[in-house]
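Peer 1: Any chance you could fold what I've pasted below:
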Amino acid sequence: MTTTLPPTPDAPVPRRLLAATALGGLGCALAIPTERPGIGWPVAVAVLAVAVLLVGANTPGGVRALMPGAARVETLTWAVAALALTAVAWVRAAEWLVALCLLTACVAAAMAVGGRLMVSVLRAVLSIPLGMLQAVPWLGRAVRRSYRTPGSGPDVRIALSVGVGLVLLLVFGTLLASADAVFAGLVDNLLPVIDEDAVSTAVVLFVLGAALVAGTALLLVAPPALTLAAPRPTRLRTLDWAVPVGLLVALFAVFVGVQFATLFGTEQYVQDTTGLTFAEYARSGFWQLLAVSALALGVILAGIRWAPATSDADRSTKRLLLGAMAVLCLVIVVSALRRMWLYQQAYGFTVLRLLVGACELWLGLAFLLALVAVLRLRPTGTVRPMVATAVGALVLLAVLDPERFVAAQNVARFEATGRLDAEYLSRLSADAVPALLALPDSPERTCVLARIAAGNTARGGDDWRTANLSRAAAEASVGHLAGLSDRASGGDPVFGGGRYLGPEEPGCSLS
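Peer 2: Below is the predicted model:
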């Protein structure tokens, strides 16, 4: 099955195209926050969705064409996932998590629109960006049609006249103001103060939002034509791929066999065998195992796609070698997860360690999906469920609230061992505050919360778009401590490894 893009100049221009693109552009320009995460992101995405529905709901090949029968569930699932990931910007304060969710939301949105129109996941993800470029001449046709046919849509003549008039006022007004100081003062009194950076950002966001709506509308109005074609026969022979993959399988088998007792053995066995503590041993090999897992997954996917399966011998060899490789990689993934868990038990939880562990869990699920595809001899259709599980895993991670989880684990470790990495915890976002409030009252607790509170205070330019539930809850809980951070930074460097004497004269060190 292949996909061909439609001839853009021949695509019909919907009646509401200009109004929809203007709505999408205004939604992005007015709602998207540029300072830090906030409710503006889900609002902007909701406006974009309304704009797309406005132009695509009643057009041939539009939104309804994406949801025939069983495809409806998949399309709606991708769309809901995109909206849920965007809503993280309103619920969570960790900027790294919000950025990751927004990027993944773009993938989910592209799959919602193009997933049922294109076989290849990569083409589906790139369909909207490519549609944005193709929509430029399409929008030009819409403008010319509206200009030549008054009453067929928005009065473009009036809009263009107003635009030309504003440009003329700007050019001549600037020249006259520079020629006479009295006139310049009058202009300054009449015109509001304009933030040039804010205006430039709003213009860029407007263009981006309008282009997104236009590109999506083009994809819906003139979807790519799907033509059935026989898959190209592979030129590989069984020996061509079986030899290198067989060597890898043998290597993995030897590794798992020799290291099995070490990977899953007791701490005393590890110390006697390697001379390292269990935590040191876990740290020494984790990253290598992670790299091996990721590379091996690529090898298995390539084998699923291109290894021949024309005869019974070919099919048996494919199942045996690729299936064995998937099973051995699952063992390596389990060992890597065990290493990371032991390492975190010894040295404490961090966001990076939690993310790497989540990545390993997803790799394990990906190997299971690959194993099923190998046993069923499916040459295609494996990447799409892997992408879906990755999106679902990120949604679950956002629900887990990673920084709060990490803070809670460190609080539990402090209660058990008396050790606390206060300097690291003070660099977390407002998401961690509810867990950190469980710390016993101490100078370290006050300093950690004070630094988070200082970073949570309003920045210049904050407005309704940056409203955030996590930051609001932290402000209500520890906002009064924000001043302590300023006092600390003005005296002894409490957050740089020194000491700060608070109102009660206790010392605290976050070194």
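
Peer 1: where's the spatially closest residue to residue 27 that is not a sequence neighbour relative to residue 371, distance?
Peer 2: Distances taken as C-beta to C-beta, 6 or more residues apart in numbering place residue 47 nearest to residue 27, at 2.8 Å, with adjacent residues excluded. (Glycine included, C-beta is placed from N, CA and C.) With distances defined as C-beta to C-beta, to the nearest Å, the gap from residue 47 to residue 371 amounts to 43 Å.

Peer 1: Please apply the same query to residue 181.
Peer 2: From residue 181 over to residue 371 the distance is 79 Å, taken as C-beta to C-beta.

Peer 1: So between these two, which is more surrounded?
Peer 2: The neighbour count for residue 181 versus residue 371, taken as other C-beta atoms under 10 Å, is higher for residue 371 (20 against 9).

Peer 1: how many neighbours does the nearest residue in space to that one that is not next to it in sequence have?
Peer 2: For residue 371, ignoring the flanking residues on the chain, the nearest one in space by C-beta to C-beta, 6+ apart is residue 326 at 4.1 Å. With neighbours defined by other C-beta under 10 Å, the count for residue 326 comes to 25.

Peer 1: The residue nearest to residue 27 is in contact with residue 32, isn't it?
Peer 2: No: look at residue 47 against residue 32 with C-beta atoms under 8 Å: they stay out of range, at 10.0 Å.

Peer 1: Touching both of the two, which residues are there?
Peer 2: Residues within reach of residue 47 and of residue 32 at once, by C-beta atoms under 8 Å, 6 or more residues apart in numbering: there are none.

Peer 1: so what's residue 474 scoring on pLDDT?
Peer 2: Predicted confidence (pLDDT) for residue 474: 91.

Peer 1: swap in the one 5 residues further on?
Peer 2: The model reports residue 479 with a pLDDT of 79.

Peer 1: how about the residue lying closest to it once chain neighbours are set aside, what does it touch?
Peer 2: Closest residue in space to residue 479, ignoring its immediate chain neighbours: residue 453 at 5.7 Å, by C-beta to C-beta, 6+ apart. Listed by C-beta under 8 Å, 6+ apart, the contact set of residue 453 reads 474, 475, 478, 479, 480, 481, 482, 484, 485.

Peer 1: So residue 453 versus residue 429, what's the distance?
Peer 2: 11 Å.

Peer 1: Residue 345 too?
Peer 2: With distances defined as C-beta to C-beta, the gap from residue 345 to residue 429 amounts to 24 Å.

Peer 1: neighbour-wise, which of those two wins?
Peer 2: For the pair residue 345 and residue 429, the greater number of neighbours falls to residue 429 (25 against 14), based on other C-beta under 10 Å.

Peer 1: returning to what we had before: among the contacts of residue 453, who's most crowded?
Peer 2: Counting neighbours by other C-beta under 10 Å, the one among the contacts of residue 453 with the most is residue 474, which has 25 neighbours.

Peer 1: Please name the nearest non-neighbouring residue to that residue.
Peer 2: The spatially closest residue to residue 474, leaving aside those adjacent along the chain, is residue 430, at 3.5 Å (C-beta to C-beta, 6+ apart).

Peer 1: How confident was the prediction at the one you found?
Peer 2: Among the per-residue scores, residue 430 shows a pLDDT of 93.

Peer 1: Specify which residues of the stretch 1-150 of the chain, grouped into ranges, have pLDDT under the cut-off.
Peer 2: Per-residue confidence for the stretch 1-150 of the chain (pLDDT under 70) gives these ranges: 1-15, 56-72, 116-119, 141-150.

Peer 1: how about the strands in it?
Peer 2: Per DSSP state E, counting those that start in this stretch, the stretch 1-150 of the chain has strands spanning 2-4. These are given in chain order.

Peer 1: Over to the chain?
Peer 2: With DSSP state E as the definition, the chain shows strands at residue ranges 2-4, 225-227, 499-501, 507-509.

Peer 1: Least reliable of the ones you listed by average pLDDT, please.
Peer 2: Taking the mean pLDDT of each of the strands of the chain, the lowest value is held by strand 499-501, a mean of 32.

Peer 1: how close does the nearest residue to residue 121 once chain neighbours are set aside get to residue 391?
Peer 2: Using C-beta to C-beta, 6+ apart and skipping the chain neighbours, the partner closest in space to residue 121 is residue 383 (4.9 Å). From residue 383 across to residue 391, the span is 13 Å (C-beta to C-beta).

Peer 1: which of the two has more neighbours?
Peer 2: Taking other C-beta under 10 Å, residue 383 and residue 391 do not tie; residue 391 has more neighbours (22 against 17).

Peer 1: could you measure the more buried one against residue 40, distance?
Peer 2: Using C-beta to C-beta, one gets 22 Å for the distance from residue 391 to residue 40.

Peer 1: do residue 421 as well
Peer 2: The spacing between residue 421 and residue 40, counted by C-beta to C-beta, is 34 Å.

Peer 1: Give me the more crowded residue out of these two.
Peer 2: When neighbours are counted by other C-beta under 10 Å, residue 421 and residue 40 differ, and residue 40 comes out ahead with 24 against 17.

Peer 1: could you list every residue that touches the closest residue to that one other than its chain neighbours?
Peer 2: With C-beta to C-beta, 6+ apart as the criterion, residue 40 has its nearest non-adjacent residue at 3.2 Å, and that residue is residue 465. Residues in contact with residue 465 (C-beta under 8 Å, 6+ apart) are 31, 32, 33, 38, 39, 40, 43.

Peer 1: Max pairwise distance over those: which two?
Peer 2: Farthest apart among the contacts of residue 465 by C-beta to C-beta are 32 and 39. That separation is 10.8 Å.

Peer 1: Return the distance of the helix ranked longest in the chain from the chain's centre.
Peer 2: For the chain, the helix reaching the highest residue count under DSSP state H is reported as helix 312-347. Using C-alpha atoms, centre = their mean, to the nearest Å, we find the averaged C-alpha position of helix 312-347 to lie 27 Å away from the chain's own average C-alpha position.

Peer 1: which other helices and strands contact that helix?
Peer 2: If contacts are counted by 3 or more C-beta pairs under 8 Å, 6 or more residues apart in numbering; DSSP states H and E, helix 312-347 sits against helix 238-264, helix 278-306, helix 351-376.

Peer 1: ok, now which ones touch residue 219?
Peer 2: Remark: with contacts taken as C-beta under 8 Å, 6+ apart, residue 219 is in contact with 113, 114, 117, 127, 128, 131.

Peer 1: ok, back up a step: could you measure the residue nearest to residue 371 against residue 338, distance?
Peer 2: Relative to residue 338, residue 326 is positioned 19 Å away (criterion: C-beta to C-beta).

Peer 1: next one: residue 298
Peer 2: The span separating residue 298 from residue 338 equals 23 Å under the rule C-beta to C-beta.

Peer 1: More neighbours: those two, which one.
Peer 2: Comparing residue 298 with residue 338 by neighbour count (other C-beta under 10 Å), the higher total belongs to residue 338, at 15 against 9.

Peer 1: From residue 420, how far out is that one?
Peer 2: Taken as C-beta to C-beta, the spacing of residue 338 relative to residue 420 amounts to 25 Å.

Peer 1: before we move on, what about residue 40?
Peer 2: Separation of residue 40 from residue 420 (C-beta to C-beta): 36 Å.

Peer 1: Same question for residue 438.
Peer 2: Applying C-beta to C-beta, the value for residue 438 to residue 420 is 12 Å.

Peer 1: Do you have the helices of the stretch 51-200 of the chain handy? List them.
Peer 2: With helices called from DSSP state H, counting those that start in this stretch, the stretch 51-200 of the chain shows them at 71-91, 95-114, 121-148, 156-179, 181-190, 196-221.
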